[in-house]
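**Student:** Mind looking at a prediction? Sequence and model below.
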Amino acid sequence: MKQKRLKIESNRSLNETVYEMKLSGICGAAIRPGQFVNLKLDGLFLRRPISVCDAEGDLLTLVYRTVGKGTDQMSRMKTGEVIDTLLELGNGYDLSAAGKQPLLLGGGVGVPPLYALAKNLIESGKEVTAILGFNTASDVFYENEFRTLGAKVIVTTADGSYGTKGFVTDAMPETSSFFYACGPMPMLKAVYHKTNGLGQFSLEERMGCGFGACMGCSILTRNGTKRVCKEGPVFYKEDLAWND
């Protein structure tokens, strides 16, 4: 874990509720796909955990949805403002398990953490398919960014207003070498019960500290109690006790 003061380079809306913030000043940080950061916001006691969308050179990209006081405050922050940031939190994805044709499954704000993963996998020669799920056409974001990386992209919307009608599970291919999933819990559990192969899930829990001290984000796994912020947020399918 590292603590740095990062400067906002841009903070723009992607749709009505989703924003993209770019921060500079991460030189020396070894951020892995699937990790998250914890932001200290003025006037709020608890930091806000936000998944990393991308990290390259001196620039960190976060994509977040406005769901409460903290993220609403973030959406109104301006270029040049500085945020106290804890970096390199969580375990990240296991890229070595991907195989030749990995499948990425993202729902809503579970899409951004898969961007850096797709980028790394494609750079290592993998044939990536990314299925991005949203409620409706106006919710869709980052489709073109994934295509630009070289991924095969399938977009689903629950109401059928764009792409394939249905959920990410409705567009899944019959086979893949390995899958990575990130999104709301109902989506993750649907993927869990539909897939037969190996894969990883990125989970979200309410966090007090974000680095394993408070135990507030603990979940029960087949290998005992684990902290989402420390032993996670990424867990192998076989570790999760969702069939028990």
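**Tutor:** Yep, that arrived. Residues are numbered from 1 along each chain as shown.
**Student:** CA only for contacts and neighbour counts going forward, please
**Tutor:** Fine.
**Student:** where does this structure have its least confident helix or strand?
**Tutor:** strand 218-221 (a mean of 90; mean pLDDT, DSSP states H and E).
**Student:** Just the C-alphas of that strand, formatted as CSV.
**Tutor:** Only the C-alpha atoms of strand 218-221 are listed here, as CSV (Å, rounded to 0.1, in the frame of the first residue of the first chain):
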residue,chain,number,x,y,z
SER,A,218,-15.3,-10.0,5.7
ILE,A,219,-17.1,-12.8,3.8
LEU,A,220,-17.3,-16.5,4.4
THR,A,221,-15.6,-18.7,1.8
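**Student:** Would you mark the buried spots in it?
**Tutor:** For strand 218-221, the neighbour count (16 or more other CA atoms under 10 Å) marks 218-219, 221 as buried.
**Student:** quick one: which of those is nearest A137?
**Tutor:** Distance to A137 across the buried residues of strand 218-221 (CA to CA) is lowest for I219, with 33.8 Å.
**Student:** May I ask you to confirm that that closest one is in contact with V228?
**Tutor:** Yes - using CA atoms under 8 Å, I219 is in contact with V228, at 7.0 Å.
**Student:** So which elements touch the least confident helix or strand of the chain?
**Tutor:** The elements that strand 218-221 packs onto, with contact taken as 3 or more CA pairs under 8 Å, 6 or more residues apart in numbering; DSSP states H and E, are strand 224-227.
**Student:** Got the domain ranges for the chain?
**Tutor:** Domain segmentation of the chain under automatic domain parsing yields 2-89, 95-202.
**Student:** between those, which one is nearest to G210?
**Tutor:** If we rank the domains of the chain by CA to CA, the stretch that ends up nearest is domain 2-89, at 6.7 Å.
**Student:** so how many other residues sit close to Y236?
**Tutor:** Look at Y236: counted by other CA atoms under 10 Å, it has 15 neighbours.
**Student:** pLDDT score for it?
**Tutor:** For Y236, the pLDDT comes out at 96.
**Student:** hang on, the earlier thing: could you dump the domains of the chain to JSON lines with mean pLDDT, distance to Y236 and mean neighbour count?
**Tutor:** Below are these laid out as JSON lines (pLDDT from 0 to 100; distance: least, CA to CA, whole Å; neighbours: other CA atoms under 10 Å):
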{"stretch": "domain 2-89", "mean pLDDT": "95", "distance to Y236": "13", "mean neighbour count": "18"}
{"stretch": "domain 95-202", "mean pLDDT": "96", "distance to Y236": "4", "mean neighbour count": "19"}
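**Student:** K237 is nearest to which of those?
**Tutor:** domain 95-202 (5.5 Å).
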